[in-house]
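J.: just need the structure, nothing else, for what follows:
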Amino acid sequence: MALSLKKPFELSVLWLVVIAIIVVVAWFGFKVMSMEGDYTLDERIARVFGWGVNDASDGEPPESFSISSHADETTEEKTEKSALNLAPATSAPTNNCTVKYGNLMLINPNFTVEDEFIAARHNELISLNDTYGIHELNAWNGDNLLDAEAATHLNDMLTAYKADYPGHEIQTVSCFRSVGTSCGRLCMPTGASDHHTGMACDLVDAAYGTSLDTSTYEQHPDWQWLHNNSYKYGFINRFPDNWTGGPMSEPMNIDENGTTGLLETWHYRYVGVDFATDIATGKYNNGEYDSLEHYLKARELVTNLKEGKCD
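T.: Modelled structure (predicted):
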(Lines give C-alpha, C1' and ligand atoms only; values in the text may rest on other atoms or scores of the structure.)
Protein backbone atom coordinates (compact mmCIF):
# COMPACT_ATOMS: atom_id res chain seq x y z
CA MET A 1 0.00 0.00 0.00
CA ALA A 2 1.45 3.41 -0.96
CA LEU A 3 2.26 5.74 1.92
CA SER A 4 -0.10 8.72 2.07
CA LEU A 5 1.42 11.88 3.54
CA LYS A 6 -2.07 13.19 4.21
CA LYS A 7 -2.48 10.94 7.22
CA PRO A 8 -1.16 12.64 10.37
CA PHE A 9 0.25 9.46 11.91
CA GLU A 10 2.19 8.44 8.85
CA LEU A 11 3.50 11.98 8.46
CA SER A 12 4.76 11.94 12.05
CA VAL A 13 6.57 8.63 11.52
CA LEU A 14 8.23 9.97 8.39
CA TRP A 15 9.47 13.04 10.23
CA LEU A 16 10.85 10.88 13.04
CA VAL A 17 12.77 8.78 10.51
CA VAL A 18 14.16 11.89 8.83
CA ILE A 19 15.23 13.34 12.20
CA ALA A 20 16.86 10.03 13.19
CA ILE A 21 18.84 9.95 9.96
CA ILE A 22 20.01 13.52 10.48
CA VAL A 23 21.10 12.73 14.05
CA VAL A 24 23.03 9.62 12.95
CA VAL A 25 24.75 11.47 10.11
CA ALA A 26 25.65 14.33 12.43
CA TRP A 27 27.01 11.92 15.06
CA PHE A 28 29.02 10.05 12.45
CA GLY A 29 30.45 13.27 11.06
CA PHE A 30 31.39 14.46 14.52
CA LYS A 31 33.11 11.13 15.35
CA VAL A 32 35.07 11.15 12.09
CA MET A 33 36.19 14.77 12.27
CA SER A 34 36.97 14.88 15.99
CA MET A 35 39.09 11.72 16.00
CA GLU A 36 42.60 12.33 17.32
CA GLY A 37 45.52 11.09 15.29
CA ASP A 38 46.93 11.50 11.81
CA TYR A 39 44.43 9.42 9.85
CA THR A 40 43.08 9.67 6.32
CA LEU A 41 39.33 9.97 5.79
CA ASP A 42 39.15 6.27 4.88
CA GLU A 43 41.06 5.33 8.03
CA ARG A 44 38.80 7.53 10.19
CA ILE A 45 35.68 5.89 8.76
CA ALA A 46 37.19 2.42 9.25
CA ARG A 47 38.04 3.16 12.88
CA VAL A 48 34.54 4.46 13.62
CA PHE A 49 33.05 1.18 12.38
CA GLY A 50 35.90 -0.97 13.70
CA TRP A 51 36.82 -2.38 10.28
CA GLY A 52 40.25 -4.10 10.33
CA VAL A 53 41.20 -2.39 13.56
CA ASN A 54 43.02 -4.28 16.32
CA ASP A 55 43.75 -1.54 18.83
CA ALA A 56 43.68 -2.52 22.48
CA SER A 57 43.18 1.12 23.45
CA ASP A 58 39.74 1.10 21.77
CA GLY A 59 38.41 -1.70 23.96
CA GLU A 60 39.18 -5.14 25.37
CA PRO A 61 41.82 -7.04 23.37
CA PRO A 62 40.90 -10.40 21.87
CA GLU A 63 41.32 -13.29 24.28
CA SER A 64 44.77 -14.85 24.03
CA PHE A 65 47.38 -16.46 26.25
CA SER A 66 49.65 -14.10 28.11
CA ILE A 67 51.81 -14.26 31.21
CA SER A 68 50.82 -12.26 34.28
CA SER A 69 52.71 -8.99 34.29
CA HIS A 70 54.28 -6.99 37.09
CA ALA A 71 54.45 -3.25 37.51
CA ASP A 72 58.25 -3.21 37.62
CA GLU A 73 58.80 -5.17 34.39
CA THR A 74 61.29 -3.70 31.97
CA THR A 75 60.42 -2.99 28.34
CA GLU A 76 62.60 -5.95 27.32
CA GLU A 77 60.70 -8.29 29.65
CA LYS A 78 57.34 -7.10 28.39
CA THR A 79 58.42 -7.54 24.76
CA GLU A 80 59.72 -11.03 25.51
CA LYS A 81 56.50 -12.09 27.18
CA SER A 82 54.25 -10.63 24.49
CA ALA A 83 56.04 -12.87 21.98
CA LEU A 84 54.61 -15.88 23.83
CA ASN A 85 51.05 -15.24 22.65
CA LEU A 86 50.59 -18.58 20.90
CA ALA A 87 47.72 -20.16 19.04
CA PRO A 88 47.17 -23.87 19.70
CA ALA A 89 49.11 -26.04 17.28
CA THR A 90 46.18 -28.42 17.10
CA SER A 91 42.40 -28.23 16.97
CA ALA A 92 42.12 -31.56 18.76
CA PRO A 93 40.27 -31.24 22.09
CA THR A 94 42.06 -32.15 25.32
CA ASN A 95 42.10 -31.30 29.00
CA ASN A 96 45.89 -30.86 28.84
CA CYS A 97 46.37 -27.19 29.75
CA THR A 98 49.55 -26.80 27.70
CA VAL A 99 47.74 -27.28 24.38
CA LYS A 100 47.26 -23.49 24.29
CA TYR A 101 51.02 -23.05 24.03
CA GLY A 102 51.15 -24.37 20.47
CA ASN A 103 54.51 -25.94 19.59
CA LEU A 104 55.48 -25.88 23.28
CA MET A 105 52.71 -28.31 24.20
CA LEU A 106 53.88 -30.71 26.88
CA ILE A 107 52.88 -34.37 26.96
CA ASN A 108 54.35 -36.62 29.66
CA PRO A 109 52.99 -38.82 32.48
CA ASN A 110 51.91 -35.69 34.39
CA PHE A 111 50.47 -33.81 31.38
CA THR A 112 48.49 -36.48 29.57
CA VAL A 113 46.07 -36.48 26.61
CA GLU A 114 42.96 -38.49 25.89
CA ASP A 115 42.34 -41.16 23.23
CA GLU A 116 40.09 -38.69 21.41
CA PHE A 117 42.95 -36.18 21.19
CA ILE A 118 45.32 -38.80 19.79
CA ALA A 119 42.82 -39.91 17.12
CA ALA A 120 42.05 -36.32 16.09
CA ARG A 121 45.72 -35.36 16.04
CA HIS A 122 46.44 -38.29 13.72
CA ASN A 123 44.17 -36.74 11.08
CA GLU A 124 46.03 -33.40 11.20
CA LEU A 125 49.43 -34.79 10.23
CA ILE A 126 51.22 -35.40 6.93
CA SER A 127 53.41 -38.25 5.68
CA LEU A 128 57.13 -37.54 5.73
CA ASN A 129 57.73 -40.35 3.27
CA ASP A 130 55.11 -39.19 0.75
CA THR A 131 55.88 -35.49 1.10
CA TYR A 132 59.68 -35.38 1.43
CA GLY A 133 60.91 -38.91 0.79
CA ILE A 134 62.10 -39.30 4.39
CA HIS A 135 61.96 -43.03 5.00
CA GLU A 136 60.69 -44.88 8.05
CA LEU A 137 63.10 -47.63 9.13
CA ASN A 138 60.75 -49.35 11.57
CA ALA A 139 58.15 -51.25 9.54
CA TRP A 140 55.87 -51.97 12.50
CA ASN A 141 55.38 -48.26 13.13
CA GLY A 142 53.71 -47.70 9.75
CA ASP A 143 53.80 -44.29 8.08
CA ASN A 144 56.01 -41.60 9.61
CA LEU A 145 53.49 -38.83 10.28
CA LEU A 146 54.38 -35.34 11.47
CA ASP A 147 52.89 -31.87 11.83
CA ALA A 148 53.22 -29.99 8.51
CA GLU A 149 55.25 -27.10 9.94
CA ALA A 150 57.56 -29.46 11.81
CA ALA A 151 57.92 -31.63 8.71
CA THR A 152 59.17 -28.71 6.62
CA HIS A 153 61.84 -27.90 9.21
CA LEU A 154 62.77 -31.55 9.63
CA ASN A 155 63.35 -31.87 5.89
CA ASP A 156 65.60 -28.79 5.98
CA MET A 157 67.53 -30.22 8.92
CA LEU A 158 68.11 -33.64 7.35
CA THR A 159 69.14 -31.99 4.09
CA ALA A 160 71.77 -30.02 6.01
CA TYR A 161 73.00 -33.23 7.63
CA LYS A 162 73.47 -34.87 4.23
CA ALA A 163 75.46 -31.84 3.09
CA ASP A 164 77.79 -32.17 6.11
CA TYR A 165 78.05 -35.98 5.73
CA PRO A 166 78.02 -36.82 2.00
CA GLY A 167 76.68 -40.29 1.38
CA HIS A 168 74.86 -40.39 4.71
CA GLU A 169 71.18 -39.95 5.47
CA ILE A 170 69.15 -39.65 8.65
CA GLN A 171 65.83 -41.48 8.61
CA THR A 172 63.03 -41.92 11.12
CA VAL A 173 62.52 -44.89 13.40
CA SER A 174 59.31 -43.61 14.93
CA CYS A 175 57.37 -40.34 14.77
CA PHE A 176 53.68 -40.08 15.64
CA ARG A 177 52.30 -42.93 17.75
CA SER A 178 48.62 -43.69 18.11
CA VAL A 179 49.27 -45.94 21.11
CA GLY A 180 51.87 -46.06 23.81
CA THR A 181 54.60 -48.65 24.15
CA SER A 182 55.75 -50.92 26.94
CA CYS A 183 59.48 -51.33 26.40
CA GLY A 184 60.47 -50.26 29.89
CA ARG A 185 61.73 -46.98 31.23
CA LEU A 186 62.30 -45.38 27.82
CA CYS A 187 58.69 -45.87 26.67
CA MET A 188 55.47 -44.17 27.70
CA PRO A 189 51.92 -45.57 27.94
CA THR A 190 49.13 -44.29 25.73
CA GLY A 191 48.31 -40.68 26.58
CA ALA A 192 51.70 -39.90 28.12
CA SER A 193 54.07 -40.04 25.15
CA ASP A 194 55.71 -37.04 23.50
CA HIS A 195 55.15 -38.92 20.24
CA HIS A 196 51.43 -38.05 20.53
CA THR A 197 52.23 -34.38 19.85
CA GLY A 198 52.79 -35.04 16.14
CA MET A 199 55.97 -32.95 16.45
CA ALA A 200 58.47 -35.60 17.58
CA CYS A 201 60.59 -38.23 15.83
CA ASP A 202 63.25 -40.76 16.73
CA LEU A 203 66.07 -40.18 14.23
CA VAL A 204 69.00 -42.33 13.15
CA ASP A 205 71.58 -42.70 10.41
CA ALA A 206 71.42 -46.42 9.60
CA ALA A 207 75.12 -46.41 8.69
CA TYR A 208 75.86 -46.18 12.42
CA GLY A 209 73.29 -48.77 13.50
CA THR A 210 69.54 -48.61 14.08
CA SER A 211 69.41 -49.74 17.70
CA LEU A 212 68.20 -46.96 20.01
CA ASP A 213 70.78 -47.47 22.72
CA THR A 214 72.18 -44.58 24.77
CA SER A 215 75.41 -46.49 25.40
CA THR A 216 76.29 -46.19 21.70
CA TYR A 217 76.09 -42.40 21.65
CA GLU A 218 79.82 -41.95 21.04
CA GLN A 219 79.52 -44.20 17.98
CA HIS A 220 76.73 -42.08 16.49
CA PRO A 221 77.96 -38.88 14.78
CA ASP A 222 74.35 -38.44 13.66
CA TRP A 223 73.11 -37.98 17.25
CA GLN A 224 76.01 -35.72 18.08
CA TRP A 225 75.30 -33.59 15.00
CA LEU A 226 71.61 -33.37 15.91
CA HIS A 227 72.37 -32.34 19.48
CA ASN A 228 74.63 -29.53 18.28
CA ASN A 229 72.61 -28.32 15.27
CA SER A 230 68.94 -29.23 15.60
CA TYR A 231 67.94 -25.99 17.36
CA LYS A 232 68.81 -24.06 14.19
CA TYR A 233 65.84 -25.83 12.57
CA GLY A 234 63.47 -25.56 15.52
CA PHE A 235 64.13 -29.00 17.05
CA ILE A 236 65.39 -29.88 20.53
CA ASN A 237 66.89 -32.96 22.11
CA ARG A 238 63.76 -33.75 24.09
CA PHE A 239 65.51 -35.76 26.82
CA PRO A 240 69.09 -34.45 27.25
CA ASP A 241 71.58 -36.19 29.54
CA ASN A 242 71.83 -33.40 32.14
CA TRP A 243 68.15 -33.86 33.06
CA THR A 244 68.08 -37.64 33.53
CA GLY A 245 67.91 -37.32 37.30
CA GLY A 246 70.19 -40.23 38.01
CA PRO A 247 71.18 -43.66 36.70
CA MET A 248 68.97 -45.03 33.97
CA SER A 249 68.13 -47.99 36.19
CA GLU A 250 65.98 -45.76 38.37
CA PRO A 251 62.23 -45.45 37.70
CA MET A 252 61.14 -42.63 35.43
CA ASN A 253 60.41 -39.51 37.42
CA ILE A 254 59.49 -35.99 36.30
CA ASP A 255 60.10 -33.81 39.31
CA GLU A 256 58.98 -30.29 40.15
CA ASN A 257 62.22 -28.76 38.88
CA GLY A 258 62.00 -30.26 35.38
CA THR A 259 64.08 -33.42 35.65
CA THR A 260 62.64 -35.93 33.19
CA GLY A 261 64.20 -39.19 34.30
CA LEU A 262 64.93 -40.02 30.66
CA LEU A 263 67.95 -40.02 28.38
CA GLU A 264 67.17 -40.43 24.68
CA THR A 265 69.92 -39.29 22.35
CA TRP A 266 67.75 -39.95 19.29
CA HIS A 267 64.45 -38.29 20.25
CA TYR A 268 63.97 -34.84 18.68
CA ARG A 269 60.99 -32.59 19.13
CA TYR A 270 59.92 -29.52 17.14
CA VAL A 271 59.19 -26.36 19.16
CA GLY A 272 60.16 -23.61 16.70
CA VAL A 273 63.51 -21.93 16.09
CA ASP A 274 63.27 -19.20 18.76
CA PHE A 275 62.21 -21.54 21.56
CA ALA A 276 64.65 -24.25 20.46
CA THR A 277 67.48 -21.71 20.58
CA ASP A 278 66.49 -20.68 24.12
CA ILE A 279 66.42 -24.31 25.23
CA ALA A 280 69.60 -25.49 23.51
CA THR A 281 71.63 -22.50 24.68
CA GLY A 282 70.24 -22.68 28.22
CA LYS A 283 68.78 -19.18 28.34
CA TYR A 284 66.88 -20.11 31.51
CA ASN A 285 69.31 -22.81 32.66
CA ASN A 286 72.65 -21.07 33.24
CA GLY A 287 73.84 -21.74 29.71
CA GLU A 288 73.27 -25.51 29.90
CA TYR A 289 70.95 -27.51 27.64
CA ASP A 290 67.45 -27.24 29.11
CA SER A 291 64.60 -29.69 29.45
CA LEU A 292 61.26 -28.67 27.98
CA GLU A 293 59.69 -29.17 31.41
CA HIS A 294 62.15 -26.84 33.15
CA TYR A 295 61.90 -24.28 30.35
CA LEU A 296 58.11 -24.06 30.71
CA LYS A 297 58.38 -23.79 34.49
CA ALA A 298 61.09 -21.12 34.28
CA ARG A 299 58.92 -19.05 31.94
CA GLU A 300 55.92 -19.46 34.28
CA LEU A 301 53.96 -21.32 31.61
CA VAL A 302 53.31 -24.15 34.04
CA THR A 303 52.94 -23.80 37.77
CA ASN A 304 53.08 -27.43 38.89
CA LEU A 305 55.03 -30.01 36.90
CA LYS A 306 53.98 -32.86 39.19
CA GLU A 307 50.26 -32.17 39.04
CA GLY A 308 50.01 -31.05 35.42
CA LYS A 309 48.91 -27.48 36.11
CA CYS A 310 49.45 -24.34 34.06
CA ASP A 311 47.92 -21.78 36.45
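
J.: would you map the helices across the stretch 1-150 of the chain?
T.: Taking DSSP state H, counting those that start in this stretch to define them, one finds helices in the stretch 1-150 of the chain at 8-34, 41-49, 75-82, 115-122, 128-132, 148-164.

J.: comparing the ones you listed by mean pLDDT, which bottoms out?
T.: Taking the mean pLDDT of each of the helices of the stretch 1-150 of the chain, the lowest value is held by helix 75-82, a mean of 42.

J.: surely Val173 is in a strand?
T.: Yes. Val173: assigned to a strand according to DSSP: H, G, I helix; E, B strand; the rest coil.

J.: how far away is it from Pro109?
T.: Per Cβ to Cβ, to the nearest Å, Val173 is found 22 Å from Pro109. Backbone N, C-alpha and C define where each C-beta goes, glycine included.

J.: list the contacts of the closest residue to Met188 other than its chain neighbours.
T.: Spatial nearest neighbour of Met188, chain neighbours left out: Gly180 (5.4 Å); criterion: Cβ to Cβ, 6 or more residues apart in numbering. The neighbours of Gly180, taking Cβ atoms under 8 Å, 6 or more residues apart in numbering as the test, are Cys187, Met188, Pro189, Thr190, Gly191, Ala192, Ser193.

J.: narrow the residues you listed to those that are buried.
T.: Met188, Thr190, Gly191, Ala192, Ser193 (16 or more other Cβ atoms under 10 Å).

J.: ok, back up a step: sort out which one of the contacts of Gly180 lies nearest Thr265 for me.
T.: Using Cβ to Cβ, Cys187 comes nearest to Thr265 of these, at 15.3 Å.

J.: coming back round to it: ok, so of the buried ones among the contacts of Gly180, who is nearest Lys232?
T.: For the buried ones among the contacts of Gly180, the nearest to Lys232 is Ser193 (25.8 Å; Cβ to Cβ).

J.: to what extent is Ser174 buried, counted in neighbours?
T.: Residues lying near Ser174 (other Cβ atoms under 10 Å) number 23.

J.: surely it and His196 touch.
T.: No. Counting by Cβ atoms under 8 Å, Ser174 stays clear of His196, with 11.9 Å between them.

J.: tell me if I'm right that Phe176 and His122 touch.
T.: Yes. Shown here, Phe176 and His122 form a contact pair, counting by Cβ under 8 Å, at 6.7 Å.

J.: now the common contact residues for those two.
T.: Both Phe176 and His122 are contacted by Leu145, Gly198, under the criterion Cβ under 8 Å, 6+ apart.

J.: who has more neighbours, those two?
T.: A count of neighbours by other Cβ under 10 Å puts Phe176 above the other of Phe176 and His122, at 25 against 15.
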